[in-house]
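A.B. asks: Make a model of this:
(one chain, ligands or ions: 1)
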Amino acid sequence: MTPLAKKLARRITKSGPIGLDAYMQTCLADPEYGYYTGSARPAGGPIGRDGDFTTAPEISQMFGELIGAWCADYWQTHCQNVPLHIIELGPGRGTLMADIERTVGRAIAGLDIHLVETSGELRKTQAKALHGCTPEWHDNLSTLPDGPAIFIANEFFDALPVRQFERGPSLWRERLVDYDNATNKFTFCLGPEAQQDALSDPRFAKFRSGDIAEVNAPSKAIASQIGQRIGRDGGAALFIDYGYRSKPGTIATGDTFQAITGHSYVDPLAEPGTADLTAHVDFSALAVAARHGAAALDVWGPIGQGDFLKRLGIESRAETLCRHAAPAEIATALNRLTSARQMGSLFKVLALCGANGKDSARENMTPAGFSEEDRFAWY
Ligand code: SAH
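C.D. replies: Below you'll find the predicted structure:
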């Protein structure tokens, strides 16, 4: 048993089964043994070729360069002449921000970098990647400075804890994590009838017995804070993640909770604290939460990462790089980032664009990588 498994087993034996969100939160963020936060991290950390999973910025510098170009374009067309904060949520190894800074550091006057990161170990890796810059770190969004900002979140929302509910013949019950002392294993069980508050969303209305619905309250709270903030101060946000768009007027069902270790899927209840736990992101829920209370906000997407990167010019960037580096490697990276069979369609991009209240023509301008038809359709 892992040390975290023992800790969780004691907790469940003493106080009863816990929500999937509590399980996920403990596995990822326990101060002693959490996957991201614990001191017993494997050398090199969880992300990258030698870690458990690889993210887009770790595949190729092209990803960060194009996100950087997107930021520079947004700043030039929407908020020129004002200092800009670039804020990244969950920066991992700092590779994406280093590539962004290399691309736009000189193009955006008065740029300053803020990183929202809970892992002390990853903060050290980020500081090394960003040597020469002076980023500021934050535990959460509450300490971020005011003013126009571009928020970037790549594979951040998938790491936030979800709750799951299973539909019975007429009622919902929460899926909980229990511990079986006889077998020393963690198992799923169903809790009592769900309280109304978690399921008050009218989109929960039409379901069949056995359906599973996921609710990610922390993601919605963060999207809402960002929406309000850029609606008020100006700026934008790019959320890139794997996930889906729930059909307007409904809520998607399905169990998307998963665990990855050593680049393979494993049982998420088997070795708590040793695997990356995630759930797919519901982009509609993020868009709706962001717009909630933020009147001056335009939302585009979600569109596939492949289309987004191609529209930003990844193919010509790849051609240029091929003249200087190994063409086969660059072709492989291009394919991984854009092909529908790889990250091109499962990974999606949502853009939130705030109005700065001064120039309505600029507020309505379609951001780079999107077209007018990609505006988010509200229900
Ligand atoms: N964006 C990076 C890393 C993604 S992994 C990349 O694309 O490579 C998820 C990141 O989010 C890690 O840096 C992890 O430590 C961080 N993280 C997870 N939960 C967090 C939370 N609640 N607040 C801030 N950072 C968090």
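A.B. asks: okay, CA-based contacts and neighbour counts for the rest of this
C.D. replies: Fine.
A.B. asks: which ones are touching the closest residue to Thr274 other than its chain neighbours?
C.D. replies: Leaving aside its sequence neighbours, Thr274 sits nearest to Tyr35 (Cα to Cα, 6 or more residues apart in numbering; 6.0 Å). For Tyr35, the contacting residues are 27-29, 41, 273-276, by Cα atoms under 8 Å, 6 or more residues apart in numbering.
A.B. asks: again, 7 Å this time
C.D. replies: By Cα atoms under 7 Å, 6 or more residues apart in numbering, the contact set of Tyr35 is 27-29, 273-276.
A.B. asks: Surely it forms part of a helix?
C.D. replies: No. Checked against DSSP: H, G, I helix; E, B strand; the rest coil, Tyr35 lies outside a helix; its state is coil.
A.B. asks: What is the distance between stretch 289-300 and the centre of its chain?
C.D. replies: Centroid separation for stretch 289-300 versus its chain: 18 Å, with Cα atoms, centre = their mean, to the nearest Å.
A.B. asks: quick one: buried residues of that stretch?
C.D. replies: Residues of stretch 289-300 classed as buried under the neighbour-count rule (16 or more other Cα atoms under 10 Å) are 289-292, 294, 296-300.
A.B. asks: Name the nearest of the contacts of Tyr35 relative to Thr143.
C.D. replies: Nearest to Thr143 out of the contacts of Tyr35 is Ala29 (Cα to Cα; 19.8 Å).
A.B. asks: Provide a list of residue ranges in the stretch 51-200 of the chain with pLDDT below threshold.
C.D. replies: For the stretch 51-200 of the chain, the stretches flagged by pLDDT under 70 are 195-200.
A.B. asks: where's the closest residue to Leu277 other than its chain neighbours relative to the ligand, distance?
C.D. replies: Nearest residue to Leu277, sequence neighbours excluded (Cα to Cα, 6+ apart): Ala259, at 4.5 Å. With the distance defined as Cα to the nearest ligand atom, to the nearest Å, Ala259 ends up 13 Å from the ligand.
A.B. asks: is it fair to say Ala259 lies in a strand?
C.D. replies: Yes. Read with three-state DSSP, Ala259 is one of the residues of a strand.
A.B. asks: which one is the residue of the stretch 201-350 of the chain at minimum distance from the ligand nearest to, not counting chain neighbours?
C.D. replies: The ligand sits closest to Pro218 of the stretch 201-350 of the chain, with a gap of 8.2 Å, by Cα to the nearest ligand atom. Leaving out its chain neighbours, the residue that sits closest to Pro218 by Cα to Cα, 6+ apart is Leu160, at 6.6 Å.
A.B. asks: any idea how far the one you found lies from Asn154?
C.D. replies: 12 Å (Cα to Cα, to the nearest Å).
A.B. asks: contacting residues around the residue nearest to Leu277?
C.D. replies: Taking Cα under 7 Å, 6+ apart, we find Ala259 in contact with 265-268, 275-278.
A.B. asks: again, only using 10 Å
C.D. replies: Residues counted as contacts of Ala259 (Cα atoms under 10 Å, 6 or more residues apart in numbering) are 265-272, 274-279.
A.B. asks: Make a PyMOL selection of the buried ones in these.
C.D. replies: Selection of the buried residues among the contacts of Ala259 in PyMOL, burial being defined by 16+ other Cα under 10 Å:
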select buried, resi 266+268+269+270+271+272+274+275+276+277+278+279
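A.B. asks: so where do the strands sit in the stretch 151-300 of the chain?
C.D. replies: Applying DSSP state E, counting those that start in this stretch to the stretch 151-300 of the chain gives strands spanning 163-167, 172-180, 185-193, 212-215, 235-244, 258-261, 264-266, 276-278, 281-282, 297-304.
A.B. asks: who's in contact with the shortest one?
C.D. replies: Contacts of strand 281-282 from elsewhere in the structure, counted by Cα under 10 Å, 6+ apart, are 155-160, 162, 214-216, 219-220, 240-246, 251-252, 256, 302, 347-348.
A.B. asks: Filter those down to the buried ones and hand me the ChimeraX line.
C.D. replies: The ChimeraX command for the buried members of these (criterion: 16+ other Cα under 10 Å) is given here:
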select :155,156,157,158,159,160,162,214,215,216,219,220,240,241,242,243,244,245,246,251,252,256,302,347,348
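A.B. asks: Check the residue nearest to Leu277 and give its pLDDT.
C.D. replies: Model confidence at Ala259, given as pLDDT, is 95.
A.B. asks: Check Pro42 too.
C.D. replies: For Pro42, pLDDT reads 59.
A.B. asks: Could you do the one 5 residues further on as well?
C.D. replies: Looking at Ile47, its pLDDT stands at 88.
A.B. asks: Count residues in the vicinity of it, would you?
C.D. replies: The number of residues packed near Ile47 is 18, by other Cα atoms under 10 Å.
A.B. asks: Could you list the residues of this structure in contact with the ligand?
C.D. replies: Within the chain, the positions adjacent to the ligand are 36, 55, 57, 89-92, 116-119, 154-156, 159-160 by Cα under 6 Å from any ligand atom.
A.B. asks: quick one: which of these is most hemmed in?
C.D. replies: Within these, Gly92 tops the neighbour count with 28 neighbours, counted by other Cα under 10 Å.
A.B. asks: Which helix or which strand is home to that one?
C.D. replies: Remark: Gly92 resides in no helix or strand, with elements defined by DSSP states H and E.
A.B. asks: For it, which non-adjacent residue is spatially closest?
C.D. replies: Residue nearest to Gly92 in three dimensions, not counting chain neighbours: Leu122, with 6.2 Å by Cα to Cα, 6+ apart.
A.B. asks: immediately after the helix or strand containing the one you found, which helix or strand?
C.D. replies: Using DSSP H and E, Leu122 maps to helix 120-129. Toward the C-terminus, helix 120-129 is succeeded by strand 136-138 as the next helix or strand (DSSP H and E).
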